[in-house]
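*Asks:* Please work out how this folds:
(2 chains)
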Amino acid sequence: MIGRSELLSHIPALRRYARALLREPDRADDLVQDCLERALGKGHLWQPRPGGQGLRGWLFTIMHNLHIDQARRRTSMPPEVPLEASGPLAEPARQSDRIALGELAAALDRLPDDQRQVLLLVALEGFSYRDAADVMGVPIGTVMSRLGRGRERLRQALAGESTPPLRRVK
Amino acid sequence: MTGPRPTEGEINAYVDGELGPEAQAQVERHLGAEAEDARRVSEYRAIGEALHALYDPIMDEPVPARLVAATERPRSAALVWTMRIAAVLALLVVGGAGGWFLRQTTSVADASQIALARHAIEAHRLYAVEVRHPVEVAADEEAHMTAWLSRRLGKPIKPPALAGAGFKLVGGRLLPAADKPAAQFMYENAGGQRLTLYFAVAAGSDDSYRYVQDGGTQALFWYIDGFGCALTGEFQRQDLMAVAREIYRQRGGDTGGQTYTW
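*Replies:* The predicted structure follows:
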């Protein structure tokens, strides 16, 4: 059985990840809600065990799988994006040291979904490569190659606008 | 001197703290000598910090009520039913000498009662709205229907006559109830409103009449003579009670010498 307070404690991080993945607040919270309902429905299947995923990893795994299913279903249909949420204009013109956050969000949007997922799991949610591999259901080598590609693409996208030209990576 | 040039993977692993102390020290030495890679590492780190700056504020937002609610209530139909019926408002108890009284109680229905009420209400919803095919066997073949359903349920069963309560029999049908057969009799009043009386073979020790409301649909359910019964319709509770009282009265007056229960 999953304790309710423990479940509640993971919601903020699930929302953060879902929002970064989907951008739109409503769709992101829909994904979190689906994830919580699925988790409760299958709660009897989750057991804490040494070497296994913790509850957090398990919740992220459920959410990852739901996201993949939903993304697959959407491929035949263009995504519904309200006008005010599209493009970097919707992001406040905030700056983090060298990076304009609006540009970052837009560049993240242009990454392939699998690269965006792994980058967010590792760089935002702090998952180890091993745990990210478990969440995504892929070998650890796949995590590392997707992460390397996604991170470098993001860096180049951002660097192209704000810093001097960089050495092209072969 | 620095060692061999670190791979892309090693540089990423360095940023993410995934390297052992020795490999980490080696990458550090390399970065001290290669300004371009050092800058790349600092840019990777800046991306991580910017992601946090961008999305961490969401962590501080209040959790929307619908997400809090999602941690409370499993959505599976069986569990929703369990919760709904466990919160049954009133328990109706048959008193002595055919008299009824209402006892306010919160006693909890058991799983088989919940399943009974659920099947009965679902069957009611499915068939009571049917215009052309509300029943399998119509009331004009009542004798055939009674024999057929008694044989399939393995116990004698007969639709009570509810004309005294203003309802005439429309007919009946056979239904699946978990792994057993069940029967549904449908009645209609002069206004065309329907109620269904559902029977499933079930042994229950609870001798009370339980009441449940689900949207506009109300059901009374009880155990008697090896059957679980449910009376379901879009009626006020007192109207359903009047019908149940009529069923009870008939049964009391009808058993002498008869082979059927009702």
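
*Asks:* burial of residue B:57, as a residue count?
*Replies:* 13 (other C-beta atoms under 10 Å in any protein chain shown). C-betas here are computed from N, CA, C, even on glycine.

*Asks:* so where's the stretch 101-250 of chain B shaky on pLDDT?
*Replies:* Residue ranges of the stretch 101-250 of chain B with pLDDT under 70: B:101-112, B:205-207.

*Asks:* Could you rerun that using 50?
*Replies:* Across the stretch 101-250 of chain B, the ranges flagged by pLDDT under 50 are B:101-107.

*Asks:* Give me the helices and strands touching the helix or strand that contains residue B:46, please.
*Replies:* If you go by DSSP states H and E, residue B:46 is part of helix B:35-55. If you count contacts as 3 or more C-beta pairs under 8 Å, 6 or more residues apart in numbering or on different chains; DSSP states H and E, helix B:35-55 packs onto helix A:4-22, strand A:95-96, strand A:99-100, helix A:101-110, helix A:140-162, helix B:8-15, helix B:21-33.

*Asks:* okay, those, which one's buried deepest?
*Replies:* Each of the helices and strands packed on helix B:35-55 was scored by mean neighbour count; the highest is strand A:99-100, a mean of 22, by mean count of other C-beta atoms under 10 Å in any protein chain shown.

*Asks:* Adjacent strands (with direction) for that one?
*Replies:* strand A:95-96 (antiparallel) (DSSP bridges).

*Asks:* What's the first helix or strand after the helix holding residue B:46?
*Replies:* Using DSSP H and E, the helix or strand that follows helix B:35-55 towards the C-terminus is helix B:57-60.

*Asks:* Next secondary structure element downstream of that following helix?
*Replies:* helix B:65-70.

*Asks:* how far is that next one from where the chain is centred?
*Replies:* 19 Å (C-alpha atoms, centre = their mean, to the nearest Å).

*Asks:* interface residues of chain B facing chain A?
*Replies:* Where chain B comes near chain A, counting by C-beta under 8 Å from any C-beta of the partner chain, the residues are B:8-9, B:12-13, B:16, B:18, B:36, B:40, B:43-44, B:46-56, B:58-61, B:63-64, B:66-68, B:70-72, B:74-76.

*Asks:* what's the closest of the helices and strands packed on helix B:35-55 to residue B:233?
*Replies:* For these, proximity to residue B:233 was assessed by C-beta to C-beta; helix A:4-22 is nearest, at 37.2 Å.

*Asks:* what's residue 38 in contact with, if anything?
*Replies:* No chain specified, so I'll use chain A. Contacts for residue A:38 (C-beta atoms under 8 Å, 6 or more residues apart in numbering or on different chains) come out as A:62, A:66.

*Asks:* look at chain B instead
*Replies:* Contacts of residue B:38 by C-beta under 8 Å, 6+ apart are B:31-32.

*Asks:* Over to stretch B:132-152 now: how far is its first residue from its last?
*Replies:* 24 Å (C-alpha to C-alpha, to the nearest Å).

*Asks:* domains of chain A?
*Replies:* A:1-86, A:87-163 (automatic domain parsing).

*Asks:* weakest of the ones you listed in terms of mean pLDDT?
*Replies:* For the domains of chain A, mean pLDDT drops lowest on domain A:1-86, to a mean of 79.

*Asks:* residue contacts, residue A:63?
*Replies:* Residue A:63 touches A:14, A:17-18, A:31-32, A:34-35, counting by C-beta under 8 Å, 6+ apart.

*Asks:* Looking at those, which is nearest residue A:142?
*Replies:* residue A:17 (19.0 Å).

*Asks:* show me the contacts for that closest one.
*Replies:* A:60, A:63, A:120-121, A:124-125.

*Asks:* which one of the residues you listed sits closest to residue A:152?
*Replies:* For those, the nearest to residue A:152 is residue A:120 (15.7 Å; C-beta to C-beta).

*Asks:* Spatially, which two of the contacts of residue A:63 are the most separated?
*Replies:* Between any two of the contacts of residue A:63 (C-beta to C-beta), the greatest distance is 13.6 Å, for A:17 and A:34.

*Asks:* Run through the strands of chain B in chain order.
*Replies:* B:90-94, B:100-104, B:137-138, B:167-177, B:180-189, B:194-201, B:209-214, B:217-224, B:227-233 (DSSP state E).

*Asks:* In TSV: those strands, plus mean neighbour count and distance to residue B:119.
*Replies:* Compiled in TSV, these are given as follows (neighbours: other C-beta atoms under 10 Å in any protein chain shown; distance: least, C-beta to C-beta, whole Å):
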stretch	mean neighbour count	distance to residue B:119
strand B:90-94	17	20
strand B:100-104	11	25
strand B:137-138	16	20
strand B:167-177	19	5
strand B:180-189	22	7
strand B:194-201	24	7
strand B:209-214	21	13
strand B:217-224	22	10
strand B:227-233	25	8
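
*Asks:* for those, which one sits closest to residue A:103?
*Replies:* Among the strands of chain B, if distance is taken as C-beta to C-beta, the winner is strand B:209-214, at 52.7 Å.

*Asks:* Who does the closest one pair with, and is each partner parallel or antiparallel?
*Replies:* strand B:90-94 (antiparallel), strand B:217-224 (antiparallel).

*Asks:* what's in contact with the last one?
*Replies:* Same thing as strand B:217-224. Residues contacting strand B:217-224 (C-beta under 8 Å, 6+ apart): B:92, B:113, B:116-117, B:120-121, B:124-125, B:202-213, B:228-237, B:240-241, B:244, B:251, B:261.
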